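S.K.: Next one to model:
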Amino acid sequence: MRKLTETEIERIVSLLREGKPIPEDYKNILFDTKKEYELIYAEKEREQDILADTLAVPLQKVKTFRNGQEQNDWTNMLIFGDNLQVLKTLLQMKQDGKLKNADGTPGVRLVYIDPPFGTGDDYTITGDKAGYSAKLQGVKYIEFIRRRAVFLREILSSNGMIFIRIDYHFGHYIKTVLDEIFGKENFQNEFVVNRIRKNVTFQGRRSIPVATDSVFLYFYSPEAQLASVEKVLAEKKEGYWHALDSAGIRHPRKRTFWGKVMLPPNGRHWTFTQDRIDKKISDGKLRLNPKTGRPEYWIEPKDTITLDTNWTDIAGYTFTTGYPTENSESLLKRIIKIGSLPGDLILDCFAGSGTTLSVAEKLGRRWIGVDCGKLAIYTMQKRLLNTSESKDMENPKKKYGKPCKPFTLYNAGLYDYKMIKELPWDQYRDFALKLFQCRDEKHEISKIELDGFLGADNVLVFNYQKHKDAVMDRGFIDDLHRHLGDKIGRRFFIIAPAASVQFLEDYIEKAKTKYFVLRIPYSIIEEIHNRGFTKIRQPVSEMDVNDTVDAVGFDFIQVPTVECKYFLDKPKKVDLLNQKTKECVIKIEKFESKIISRKPVEFANLETLSMVMLDYDFNGEVFDLDEVFYAEVLKKNDYEIRFAKDKVKKQMMIIYIDIFGNEKREVKNREDFKKR
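M.R.: As a prediction, this is how the structure comes out:
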């Protein structure tokens, strides 16, 4: 059992004194429990600690894409951020009644995830090196998946289910962990899906290539039921005659068909009793085959057949977006139809290229997608906004032809402080409390209105909007202590804009009380959360796109400094058909990230560049990703981006992204690229 912190002890004592129930979070800390079996390994956390200690992050609305449609009570959600923290926020939304399915049940009906496989190897769909990297290995990877699975279980509705795609490296360990989390009685199936395309040849190999992955299916509870267990056939299966069944015993039995007595084959007997035979004849299910004159079953033609666990009849991965490890729409169509009904809520917290969201959209489901990669977010945004041009799910030879329903893009963990400051006070107060994990409970002490609690400690949100000329200096703390000093505990928290605070210390101590200042936009002080904070890192090469990320905490957008030259040049590779064609060149000369940190953090020029994204035909409103250039490739090319001049239409948008997810955007016309 882990030792309780002083804050936890104070909270429990406070609850007992007030006659309030102790939260479930503390049940297994105070009372040790044992499971029938479990996988034991280093760094394994208690489920209760995972749920209690993970920081929720508020969702900052960036933009709603309405596509000319009216917004109803629900808007689909695309979230940029660390999925563990987002899952904690989604769990709170479920508890607040904000996540519901078509039948009204709270939570998410279906979860599908295809997380990185934790191998440390690099893969593409064909098995070649490059294009896929999962750096976490061993128990770190197992715990990485387990922590998220714990939250996914809590987010599911009582009739919900989860599909998890995994490969052979860790599949057996993850299966054991999932049995612990969901209960082995709720394990339903293991499906086999394709990893590589059929008929791919691997000449010269001396090992057998891995062709398949597994998809595990778990129900939240026995209450869950599959919506469908059939697959639609590509071509209608013709009807046919089927001989009567018989089973082998030593003594054959006679049967009467239309008054005629018949014997089964030697050493066999008829499966059905005479009564069942007579009923099948009267029901028309048993007839005389006109060709043989014998009684046989007529099997009606079918459009569908019952599914089994072998799903290698469809593609597992595909190549429509250019994003590494893009799941196929045929796979997600099958999963979503099996596990949900129209109007149900679908969640993919490793959303990647957005196949889950795209298919959910076209099948009339509502959806939530989460990813920590900017490339993934822009890939999904483009895919969703071009839904009408994508394939129809029922007839792939036709276009879908309808725009996607409204969806909102959110930031979670990396925030635009300018947008926060522009919020109305009630929304700002709510955001500030959520940012620092405070409970929203207004109360008064000595006629001073306070906003909530952090653990058992009081919290005040400094209203800089109401008192525009006021600053928080030592005199402010003195006045506060004069009113509250003997009525509060050892810690008191004040949330305030950094610009409003006139001293540098994290806290000012008065008698027995420390008055802590939680500055926005500075990150949270480590005394509140002993694990510290790390930033989400963006990839610098295609091989890093699917790296597992386990970030904690939050940060604020700091636009990097970018200096470039834009010019026309002769192509480095000669085009024999059109030698007059000029290339547009973007030469990156300076790229520096601005880091807010108490401890000095220094990076060399260009060291924090992650990637550059281009939209060659920017419409003036929405960035529509056309091409991405990774820092690793740019470094080899002396930080030059080259492309044909004809690609640029009226104007283009360029997005420079640093490894922390910050962006610098520029819009350029053809005329901005001058001859050298």
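S.K.: Next, name the residue at the spatial heart of the chain.
M.R.: Centroid check for the chain by Cα atoms, centre = their mean gives C349 as the closest residue, at 1.4 Å.
S.K.: mind checking how far the biggest helix by length in the chain is from the chain centre?
M.R.: Ranked by residue count and defined by DSSP state H, the top helix of the chain is helix 138-155. Mean C-alpha position of helix 138-155 versus that of the full chain (Cα atoms, centre = their mean, to the nearest Å) differs by 13 Å.
S.K.: Also stretch 382-394?
M.R.: Put simply, stretch 382-394 sits 20 Å off its chain's centre (Cα atoms, centre = their mean).
S.K.: just stretch 495-505 next, same as before
M.R.: 35 Å.
S.K.: Start and end of it, how far apart?
M.R.: 14 Å (Cα to Cα, to the nearest Å).
S.K.: pLDDT score assigned to K573?
M.R.: pLDDT for K573: 71.
S.K.: er, S207 I mean
M.R.: 80.
S.K.: Next up, the contacts around it.
M.R.: If you count contacts by Cβ atoms under 8 Å, 6 or more residues apart in numbering, S207 has none. The way it works is simple: take the backbone N, C-alpha and C, and place the C-beta from them, glycine included.
S.K.: one step back: verify the stated contact: the residue nearest to the centre of the chain with L87.
M.R.: Yes: here C349 lies in contact with L87, judged by Cβ atoms under 8 Å, at a distance of 6.3 Å.
S.K.: overlap in contacts of those two?
M.R.: R148, L152, V370.
S.K.: how deep is the first one tucked in, by neighbour count?
M.R.: Spelled out, that is R148. Neighbour count of R148, defined by other Cβ atoms under 10 Å: 22.
S.K.: average model confidence for the longest helix of the chain?
M.R.: Computed over helix 138-155, the average pLDDT equals 94.
S.K.: Please point out which parts of that helix sit buried.
M.R.: Of the residues in helix 138-155, 139, 141-155 count as buried by neighbour count, 16 or more other Cβ atoms under 10 Å.
S.K.: next helix or strand past the helix or strand of the chain with the lowest mean pLDDT?
M.R.: Lowest on mean pLDDT, DSSP states H and E among the helices and strands of the chain sits helix 27-30, with a mean of 65. Proceeding C-terminally, helix 27-30 gives way to helix 47-53 as the next helix or strand, assigned by DSSP states H and E.
S.K.: helices and strands around that following helix, which ones?
M.R.: helix 27-30, helix 138-155 (3 or more Cβ pairs under 8 Å, 6 or more residues apart in numbering; DSSP states H and E).
S.K.: The stretch 401-550 of the chain: helices as residue ranges?
M.R.: 417-421, 425-435, 474-484 (DSSP state H, counting those that start in this stretch).
S.K.: Could you chop the protein up by domain?
M.R.: 35-229+308-413, 239-300, 418-520, 557-675 (automatic domain parsing).
S.K.: TSV for those, including distance to G19?
M.R.: Formatted as TSV, the domains of the chain follow (distance: least, Cβ to Cβ, whole Å):
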stretch	distance to G19
domain 35-229+308-413	22
domain 239-300	66
domain 418-520	16
domain 557-675	42
